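Trainee: Any chance you could fold what I've pasted below:
(chains A, B, C and D)
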2 protein chains.
Amino acid sequence: MEVQLQIKMNAKLYLRDPETSELGKGIIRHGIEMIYELGFEEFTFKKLAVKVGTTEASIYRYFENKHRLLTYITTWFWTWLEYQLMFNTNNISDSKQKIDAVIKLLTYQEKDEFALEHINKSVLQKIIIAEGDKSYLTKHVTEDNKSMLFKPYKDLCHRIAQIFLEYKPGYPYPHSLASTLIETAHRQIYFKDHLPRLTDFGNAKDSNIVVSYLSHMIYSMLDATKKI
Amino acid sequence: MEVQLQIKMNAKLYLRDPETSELGKGIIRHGIEMIYELGFEEFTFKKLAVKVGTTEASIYRYFENKHRLLTYITTWFWTWLEYQLMFNTNNISDSKQKIDAVIKLLTYQEKDEFALEHINKSVLQKIIIAEGDKSYLTKHVTEDNKSMLFKPYKDLCHRIAQIFLEYKPGYPYPHSLASTLIETAHRQIYFKDHLPRLTDFGNAKDSNIVVSYLSHMIYSMLDATKKI
DNA sequence: AGGTTAACGATAGTAATACAATCATTTTCC
DNA sequence: GGAAAATGATTGTATTACTATCGTTAACCT
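Mentor: This next block holds a predicted model:
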């Protein structure tokens, strides 16, 4: 069985829908690779055009600017993650198991069964970790937010929050804890790889150490007996 | 009594030490304001030159590029924060009180007694929250790290980690918890202001709610009774 | 089969950015 | 009072971030 999943994106993210043409898909695929290789700051549409084998002007027909492309990619990623989460927690009734699934997903311990035609997943995860936050750390967050560009992130966050509430009804900070979990997962992985002194994962061979840390965080907070 | 504290910066951060001249101080002061007003992406040395009343070339005599200026500013901030922490926890023997001081400091609840001649502190805090992470989220982290540009961040992190260990000897993740605390404090404040659906602080008048959340996080994790 | 439309490639052009270089003038310091 | 350093002023260049135009090709419609 081969399943191809199609994610419908907010139309404000693009000028021309990249899913509807080969050129568009090439822009996404090579865009991801190039942002990974060069870092977002050094990445330009001119360079991308050469790699894709098209012209700068053609890329501008799809995306207003490179920041929009980054937001497109990260948003796509959040939607995909939420889908993965839904899929992986389906038919699980134990909320603890669901939480474990969330953590696994956020630390990319899980192989999934969906081929992503034109997208290199492990590279995608790396740019989300290193560049993802830049999609909302701008002067135009509020505007972008009004255009619902960050809805997929919020949806994912909300879904995780619901799981926390299921585990611990009445917990007062489910959304903050969800966003903290997502951000912390990424940041601690980044620190582990690039600024290890900001972590305690120094020479641990075991890449599960981040998982252990995050589990400790989540269950400590949800199980806390003290009055909050 | 009037005290002026002077922070000695890593010489690799600048070409000419901005603390040694009026022009240099003007670059820092207006730089902070301008990054706040325009956001880092829209900020340029040309615009800064006009505001400072000098030329682009003169600014390039102080800083290699705008990213270095950002790193200079954030690094200055981390050093200053560590000093504040040292000052505020001096003579406190109760480690819980120290932790509370850390949280207060990171959420900027504390007025301090040090005038910062040429620096607007509340604006500085805002750009650290919104732009600070960009100083290390680059392709040249590793290089910058080798030049010790992030040492002040690590030092702060380490000092906080020591406090955690004092409170809970043998705690296995003191550094990760410290970096998580710092990052989470900033990110939750940012989310509260710009993407509130990612938090539970929606319509809370009380700005202390972030403090409550962070306290809950730290004490839950340090007090967790489960075997970690 | 013929005509319309949309997509793309190719080319050109502009304003702004991110610098580097030079040289004259002013300020600081010994 | 003279040397050295800092600054101002100006110029220049490569690159970036776009916008616009036009001819050709591919798709699709009846």
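
Trainee: can you pull out the helices in chain A?
Mentor: A:22-38, A:45-52, A:56-60, A:66-89, A:95-106, A:121-131, A:141-146, A:151-167, A:174-194, A:209-223 (DSSP state H).

Trainee: Out of the ones you listed, which is the most enclosed?
Mentor: helix A:174-194 (a mean of 22; mean count of other Cβ atoms under 10 Å in any protein chain shown). Using the backbone N, CA and C atoms, a C-beta is placed for each residue, glycine as well.

Trainee: Tell me what angle that one forms with helix B:151-167.
Mentor: Inter-element angle recorded for helix A:174-194 and helix B:151-167: 120 degrees (by axes from the mean of the first three to the mean of the last three Cα atoms, to 10 degrees).

Trainee: ok, is helix A:174-194 in contact with chain B or not?
Mentor: Yes - legend: contact between helix A:174-194 and chain B by Cβ under 8 Å from any Cβ of the partner chain is shown at A:174-176, A:178-180, A:183-184, A:187-188, A:190-191, A:194.

Trainee: For A:Leu13, give me its contacts.
Mentor: A:68, A:71-72, A:75, A:149 (Cβ atoms under 8 Å, 6 or more residues apart in numbering or on different chains).

Trainee: quick revisit: present the residues of helix A:174-194 next to chain B as JSON lines; the columns should include distance to A:Gly39 and pLDDT.
Mentor: Shown next, in JSON lines, are those (distance: Cβ to Cβ, whole Å; pLDDT from 0 to 100):
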{"residue": "A:Pro174", "distance to A:Gly39": "34", "pLDDT": "98"}
{"residue": "A:His175", "distance to A:Gly39": "31", "pLDDT": "98"}
{"residue": "A:Ser176", "distance to A:Gly39": "30", "pLDDT": "98"}
{"residue": "A:Ala178", "distance to A:Gly39": "28", "pLDDT": "98"}
{"residue": "A:Ser179", "distance to A:Gly39": "25", "pLDDT": "98"}
{"residue": "A:Thr180", "distance to A:Gly39": "26", "pLDDT": "98"}
{"residue": "A:Glu183", "distance to A:Gly39": "20", "pLDDT": "98"}
{"residue": "A:Thr184", "distance to A:Gly39": "22", "pLDDT": "98"}
{"residue": "A:Arg187", "distance to A:Gly39": "17", "pLDDT": "98"}
{"residue": "A:Gln188", "distance to A:Gly39": "20", "pLDDT": "97"}
{"residue": "A:Tyr190", "distance to A:Gly39": "13", "pLDDT": "97"}
{"residue": "A:Phe191", "distance to A:Gly39": "17", "pLDDT": "97"}
{"residue": "A:His194", "distance to A:Gly39": "12", "pLDDT": "97"}
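
Trainee: Dump these to TSV, plus distance to A:Lys8.
Mentor: As requested, these are exported to TSV (distance: Cβ to Cβ, whole Å):
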residue	distance to A:Lys8
A:Pro174	27
A:His175	24
A:Ser176	29
A:Ala178	23
A:Ser179	24
A:Thr180	29
A:Glu183	26
A:Thr184	29
A:Arg187	30
A:Gln188	32
A:Tyr190	30
A:Phe191	34
A:His194	35
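
Trainee: List just the nearest of these to A:Ala130.
Mentor: If you rank these by distance to A:Ala130 using Cβ to Cβ, A:Tyr190 comes first, at 6.4 Å.

Trainee: chain center to stretch A:168-179, what's the gap?
Mentor: 20 Å (Cα atoms, centre = their mean, to the nearest Å).

Trainee: Could you point out which residue ranges in chain A have low pLDDT?
Mentor: Within chain A, the segments meeting pLDDT under 70 span A:1-4, A:112-118, A:204-205, A:225-228.

Trainee: ok, which residues in it are in contact with DNA strand D?
Mentor: Where chain A comes near DNA strand D, counting by Cβ under 7 Å from any atom of the strand, the residues are A:42, A:44-47, A:56-57, A:60, A:64-66.

Trainee: Kindly recompute the last result at 6 Å.
Mentor: For chain A, the residues in contact with DNA strand D (Cβ under 6 Å from any atom of the strand) are A:44, A:46, A:56-57, A:60, A:65.

Trainee: Which residue, other than its chain neighbours, is closest to A:Tyr83?
Mentor: A:Leu5 (6.9 Å; Cβ to Cβ, 6 or more residues apart in numbering or on different chains).

Trainee: which residue sits closest to A:Ile92, ignoring its sequence neighbours?
Mentor: That would be A:Lys98: by Cβ to Cβ, 6+ apart, it lies 5.5 Å from A:Ile92.

Trainee: need the residues of chain A near DNA strand C, please.
Mentor: Going by Cβ under 6 Å from any atom of the strand, the residues of chain A near DNA strand C are A:16, A:21, A:23, A:54-55, A:57-58, A:61.

Trainee: rerun that using 7 Å as the cut-off
Mentor: A:16, A:20-24, A:53-58, A:61.

Trainee: Is it possible to get CSV of those residues that adds distance to B:Pro169?
Mentor: Listed next are the residues of chain A next to DNA strand C as CSV, based on distance: Cβ to Cβ, whole Å:
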residue, distance to B:Pro169
A:Arg16, 60
A:Thr20, 60
A:Ser21, 61
A:Glu22, 61
A:Leu23, 60
A:Gly24, 57
A:Gly53, 61
A:Thr54, 61
A:Thr55, 63
A:Glu56, 59
A:Ala57, 63
A:Ser58, 62
A:Arg61, 62
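
Trainee: which one of these is nearest B:Ala11?
Mentor: A:Glu56 (40.0 Å).

Trainee: for the closest one, what are its contacts?
Mentor: Taking Cβ under 8 Å, 6+ apart as the test, what A:Glu56 contacts is A:45-46, A:49.

Trainee: Check the gap between the closest residue to A:Leu137 other than its chain neighbours and B:Tyr190 for me.
Mentor: Leaving aside its chain neighbours, A:Leu137 sits nearest to B:Ala130 (6.0 Å; criterion: Cβ to Cβ, 6+ apart). With distances taken as Cβ to Cβ, to the nearest Å, B:Ala130 is found 6 Å from B:Tyr190.

Trainee: Quick check: neighbours shared by the two?
Mentor: In contact with both B:Ala130 and B:Tyr190: A:Leu137, using Cβ under 8 Å, 6+ apart.

Trainee: Now the two most distant members of the contacts of A:Leu13.
Mentor: A:Arg68 and A:Thr75 (10.1 Å).

Trainee: Touching stretch A:183-200 from outside, list them.
Mentor: A:103, A:106-107, A:128-130, A:132-133, A:201-202, A:210, A:213-214, A:217, B:136-137, B:141-142, B:145, B:150, B:153-154, B:157-158, B:172-176, B:178-180, B:183-184, B:187.

Trainee: okay, that stretch in PDB with CA atoms only?
Mentor: Output of stretch A:183-200 as PDB, limited to C-alpha atoms (Å, rounded to 0.1, in the frame of the first residue of the first chain):
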ATOM      1  CA  GLU A 183      10.300  24.700  21.900                       C
ATOM      2  CA  THR A 184      12.400  23.000  24.500                       C
ATOM      3  CA  ALA A 185      12.600  19.800  22.500                       C
ATOM      4  CA  HIS A 186      14.100  21.700  19.600                       C
ATOM      5  CA  ARG A 187      16.300  24.000  21.600                       C
ATOM      6  CA  GLN A 188      17.800  21.300  23.600                       C
ATOM      7  CA  ILE A 189      18.600  19.300  20.500                       C
ATOM      8  CA  TYR A 190      20.200  22.300  19.000                       C
ATOM      9  CA  PHE A 191      22.200  23.100  22.100                       C
ATOM     10  CA  LYS A 192      23.300  19.400  22.400                       C
ATOM     11  CA  ASP A 193      24.700  19.600  18.900                       C
ATOM     12  CA  HIS A 194      26.100  23.200  18.900                       C
ATOM     13  CA  LEU A 195      26.400  24.600  22.400                       C
ATOM     14  CA  PRO A 196      26.600  21.500  24.600                       C
ATOM     15  CA  ARG A 197      27.600  23.400  27.700                       C
ATOM     16  CA  LEU A 198      24.100  24.700  27.900                       C
ATOM     17  CA  THR A 199      22.900  21.100  28.500                       C
ATOM     18  CA  ASP A 200      23.900  18.000  30.500                       C
END
